[in-house]
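In: When you get a sec, could you give me coordinates for this:
(one chain, ligands or ions: 2)
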Amino acid sequence: MHALEKILAKNSGLDSVSAGQIVTADIDFAEINDLYLQTVYSFYEMGGKKVWDNTKAAFVFDHYAPAPDEKSAQNHKEMREFAKKNNLKYHFDTNCGVCHQVMPEAGLAYPGMILVATDSHTTTHGAFGAFGTGVGATDMATILLTGKLWFRVPEIIEVRLDGDAPDGVYPKDVVLNVLGKLKADGAVYKAIDFTGSYVDQLGVPGRMTICNMAVEMGAKTAYMQPNQKVLDYVSERAVKPYEIKYTDDDFEYEESHLFDVSKMEPTLSCPSSVDNVHNLTSVVENHDVEIDQGYIGSCTGGRFEDIEIAAKILKDKHIPKYKRLDVVPASAEVMQKCIKAGYIQDLMKAGATIAAPGCAACLGIHEGILASGEVCISSTNRNFPGRMGSVEAEIYLASPAAVASSILNGKITDPRKYVSEISVAY
Ligand SMILES: CC(C)[C@H](C(=O)O)[C@@H](O)C(=O)O
Ligand code: SF4
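Out: Ligands and ions are numbered 1, 2, ... in the order given. Next up is the predicted model:
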């Protein structure tokens, strides 16, 4: 069996499971974000009285944080009342950040667990050796009622990433290369196990960025076998003992895709589909691509290392007149660390707008919305029309280094011009 199958078997009280099998598994932690007040309504419609275990469910207010309008403030208020009534042990209000950053920081993402949230990017937690997946309001209400959920055991495909990344190539570039090959429907309802020598040496931030975007290929979940860097991170934070699962040597993947990371270049996902992937050099070889706004943020690219590399590229420089750079730390902890390092100040001196930790403009809610005809280069994970504001705006997805290099010049620019002296530990 694969480690993910062992996790599902463990939580279903079975000795083994296999692809296609339907199981009912215990959920180790359930997270509801602030788009999903419907979960509360469904819970009551189903006859719910009290949440099955008040130490295993929490709200995270991140998409509308701080509340940008009365409706979302009202939603937060109702969710707070539910949390109080159920005496939920954990609660992450509008001062915390994006759920997929806040949960690991709180020690609620750890190897061998099943983590379910009302968010598609819950695949991020494969970075910690967990089975992480997103559900809607009704399934989440079922979990709050019973502590369990049904799963169809997914087929598991291997994405093998070997080699060392060249200068200017970061985890975001790597996962965009994978997306460019597998396409947005390349892993529908499957699990992606990221393996290979590049993954083996990768740290927590890089693992999170890559697992986060598995869902952009349709994946049900993602996985990376925990390495020492992951264990160092979770051992300081995990709220309970955990059991790392290991894949059997003779496990056979449904399919394997091999990538040589050492051959990769800075990469873009171009308007207006996430799998419209091209090398940055090919996009700008015949003409400049003017940029109006750079955006660094989200559960994909708003971590300390993402802000660090932008601050180092922009130190003692300034973005051009009439251009904008939005920087939205993924969590309060990230923001504090960036302030302590002086990166927030450096970026503000360079002309950046700093927003409160949260989802912000990643999904077009607030803190940096795009006007019609504008072009944004962003460290986020989706670029369909209307994603960050106007449906007539265009979005290029890129590494934070490419975002900073591009907005500095007001046009898409190869980060390799700036990063030869800059190292960041992804
Ligand atoms: C919560 C939900 C509206 C959505 C998701 O599930 O991914 C959001 O986080 C996004 O990134 O589009
Ligand atoms: S930061 Fe963006 S991608 Fe991540 S959960 Fe929020 S809206 Fe979704």
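In: wait, doesn't Asn11 sit right on Phe29?
Out: No. Applying C-beta atoms under 8 Å as the test, Asn11 and Phe29 come out as separate, 11.7 Å apart. The way it works is simple: take the backbone N, C-alpha and C, and place the C-beta from them, glycine included.
In: what touches both of these two?
Out: Ile114 (C-beta atoms under 8 Å, 6 or more residues apart in numbering).
In: higher neighbour count, those two?
Out: Phe29 (26 against 22; other C-beta atoms under 10 Å).
In: Pull the contacting residues for that one.
Out: Going by C-beta under 8 Å, 6+ apart, Phe29 touches Lys56, Ala57, Ala58, Met103, Leu108, Ala109, Met113, Ile114, Leu115, Val116.
In: and of these, the nearest to Lys340?
Out: Closest approach between those and Lys340, by C-beta to C-beta: Met103, at 22.3 Å.
In: and after the strand or helix carrying the closest one, which helix or strand comes next?
Out: In the assignment (DSSP states H and E), Met103 maps to helix 99-105. Using DSSP H and E, the helix or strand that follows helix 99-105 towards the C-terminus is strand 114-117.
In: Each with direction, which strands does that following strand pair with?
Out: Take DSSP bridges as the rule and strand 114-117 pairs in its sheet with strand 29-33 (parallel), strand 131-134 (parallel).
In: got the ones you listed as JSON lines, with mean pLDDT and distance to Gln228 columns?
Out: Shown next, in JSON lines, are those (pLDDT from 0 to 100; distance: least, C-beta to C-beta, whole Å):
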{"stretch": "strand 29-33", "mean pLDDT": "98", "distance to Gln228": "24"}
{"stretch": "strand 131-134", "mean pLDDT": "98", "distance to Gln228": "21"}
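In: could you dump those strands to TSV with distance to Ser197?
Out: Listed next are those as TSV, based on distance: least, C-beta to C-beta, whole Å:
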stretch	distance to Ser197
strand 29-33	31
strand 131-134	24
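In: Ligand 2 is nearest to which of those?
Out: Of all the strands paired with strand 114-117, strand 29-33 sits nearest to ligand 2, with 7.1 Å by C-beta to the nearest ligand atom.
In: What is the very next helix or strand once past the closest one packed up against?
Out: Next along the chain after strand 29-33, taking DSSP H and E as the criterion, comes helix 38-45. Where contact means 3 or more C-beta pairs under 8 Å, 6 or more residues apart in numbering; DSSP states H and E, helix 38-45 is packed against helix 70-85, helix 137-146.
In: what is the rounded mean pLDDT of the longest one?
Out: Right, the one you point to is helix 70-85. The average pLDDT within helix 70-85 is 98.
In: How about it and ligand 1, any contact?
Out: No. For helix 70-85, no contact with ligand 1 is found by C-beta under 6 Å from any ligand atom; the gap never falls below 12.5 Å.
In: now for that helix, which elements pack on it?
Out: Counting contacts by 3+ C-beta pairs under 8 Å, 6+ apart, helix 70-85 packs against helix 38-45, strand 57-60.
In: Among these, which comes closest to ligand 1?
Out: Ligand 1 lies closest, by C-beta to the nearest ligand atom, to one member of the helices and strands packed on helix 70-85: strand 57-60, at 10.5 Å.
In: What's the nearest residue in the protein when you look at ligand 1?
Out: Taking C-beta to the nearest ligand atom, the chain has Ser120 as its residue nearest ligand 1, at 3.5 Å.
In: burial of that residue, as a residue count?
Out: So Ser120, with other C-beta under 10 Å, has 18 neighbours.
In: ditto for the one 10 residues further on
Out: Residue neighbour count, defined by other C-beta under 10 Å, stands at 32 for Ala130.
In: And Asp316, by the same measure?
Out: Using other C-beta under 10 Å, Asp316 is surrounded by 7 other residues.
In: so what's it scoring on pLDDT?
Out: 98.
In: I'd like the distance between it and Val23.
Out: From Asp316 across to Val23, the span is 56 Å (C-beta to C-beta, to the nearest Å).
In: Same check on Cys211?
Out: 22 Å.
In: Now do the contacts for the residue of the chain closest to ligand 1.
Out: Counting by C-beta under 8 Å, 6+ apart, Ser120 touches Gly134, Val215.
In: Up against ligand 1, what does the stretch 151-300 of the chain have?
Out: Residues of the stretch 151-300 of the chain lying near ligand 1 (C-beta under 6 Å from any ligand atom): none found.
In: circling back: mean neighbour count, the helices and strands packed on helix 70-85: which tops it?
Out: Most buried of those, by mean neighbour count (mean count of other C-beta atoms under 10 Å): strand 57-60, with a mean of 26.
In: which residues are contacting it?
Out: 29-34, 51, 79-80, 82-83, 86, 88-92, 96, 98-99, 102-103, 108, 143-144.
In: Glu392 contacts Gly373, doesn't it?
Out: Yes. Judged on C-beta under 8 Å, Glu392 makes contact with Gly373 at a distance of 5.6 Å.
In: re the thing from before, could I get the helices and strands packed on helix 70-85 as CSV with distance to ligand 2?
Out: What follows is the helices and strands packed on helix 70-85, written out as CSV (distance: least, C-beta to the nearest ligand atom, whole Å):
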stretch, distance to ligand 2
helix 38-45, 16
strand 57-60, 9
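In: Save these as a markdown table, and put in distance to ligand 1 and mean pLDDT too.
Out: Putting those into a markdown table (distance: least, C-beta to the nearest ligand atom, whole Å; pLDDT from 0 to 100) gives the following:
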| stretch | distance to ligand 1 | mean pLDDT |
| --- | --- | --- |
| helix 38-45 | 12 | 98 |
| strand 57-60 | 10 | 98 |
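In: closest to Tyr418 out of those?
Out: strand 57-60 (34.5 Å).
In: circling back: just send the helices and strands packed on helix 70-85 back as JSON lines, with distance to Ile365 too.
Out: What follows is those, written out as JSON lines (distance: least, C-beta to C-beta, whole Å):
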{"stretch": "helix 38-45", "distance to Ile365": "17"}
{"stretch": "strand 57-60", "distance to Ile365": "15"}
